[in-house]
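Novice: Here is my input; please provide its structure:
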Amino acid sequence: MTVVPLLGMCCNSTVAHLPTSKKQPIITDDTCSVEFVAASECSNMIMWTHNLFEELKLRRAKQTILFEDNQAAIKVISEVGSNYKVRSVDLKFYKIRDFVERNVFRVTYCPSEDNIADIFTKPLGPQQFGKLRQSLNVLPVPDNE
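Specialist: Below is the predicted model:
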């Protein structure tokens with residue numbers, strides 16, 4: 001049996017959310033590679049939303065922020081860190097570096113406890129779940145009493 005990591009992301013605008021949770025498109029063998037591939041997949045969603053905003057003639061921020069909770073992946077994306085951890089990752093996932101280099105978006109560290117995408121991929125305790133749910137502006141289900 002092969003275990004494929006879940007990829008979770010959430011694109012937020014002032015009024016729109018695009019939450020996603022799906023199996024990662026490739027099998028990777030370490031956390032840095034998993035996060036690198038997830039960030040690359042998220043960059044595709046970012047570019048899709050940029051194109052959608054442009055087509056609808058909506059304004060957007062000049063530079064989008066991609067929040068990442070893995071320091072090693074941030075270093076690899078920014079080409080500051082060693083590539084040995086992600087050398088087996090398919091080249092199509094490296095386009096994220098081009099987007100960052102062209103200032104289409106920037107990658108910023110986000111502590112795991114603040115990472116909204118975790119609500120789509122991890123079992124969370126009630127307090128953490130409530131905190132992340134509130135970040136998504138989703139109301140709790142009322143009791144039937």
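
Novice: C-alpha from now on. contacts and neighbour counts both.
Specialist: Fine.

Novice: ok, which stretches of the chain are strands?
Specialist: 6-12, 17-23, 64-68, 105-109 (DSSP state E).

Novice: Mean pLDDT lowest where, among the ones you listed?
Specialist: Ranked by mean pLDDT, these bottom out at strand 6-12, with a mean of 62.

Novice: need the longest helix for this protein.
Specialist: helix 31-55 (DSSP state H).

Novice: Show me which residues of it are buried.
Specialist: 32-46, 49-50 (16 or more other Cα atoms under 10 Å).

Novice: average pLDDT for that helix?
Specialist: Mean per-residue pLDDT for helix 31-55: 86.

Novice: who does it touch, helix- and strand-wise?
Specialist: The contact analysis (3 or more Cα pairs under 8 Å, 6 or more residues apart in numbering; DSSP states H and E) places helix 31-55 against strand 6-12, strand 64-68, helix 71-77, helix 95-101.

Novice: at 10 Å instead, please
Specialist: strand 6-12, strand 17-23, strand 64-68, helix 71-77, helix 95-101, strand 105-109 (3 or more Cα pairs under 10 Å, 6 or more residues apart in numbering; DSSP states H and E).

Novice: any idea of the angle it forms with strand 64-68?
Specialist: Calculated by axes from the mean of the first three to the mean of the last three Cα atoms, to 10 degrees, helix 31-55 forms an angle of 160 degrees with strand 64-68.

Novice: what's the span of stretch 104-120 from first residue to last?
Specialist: Stretch 104-120 has an end-to-end distance of 26 Å (Cα to Cα, to the nearest Å).
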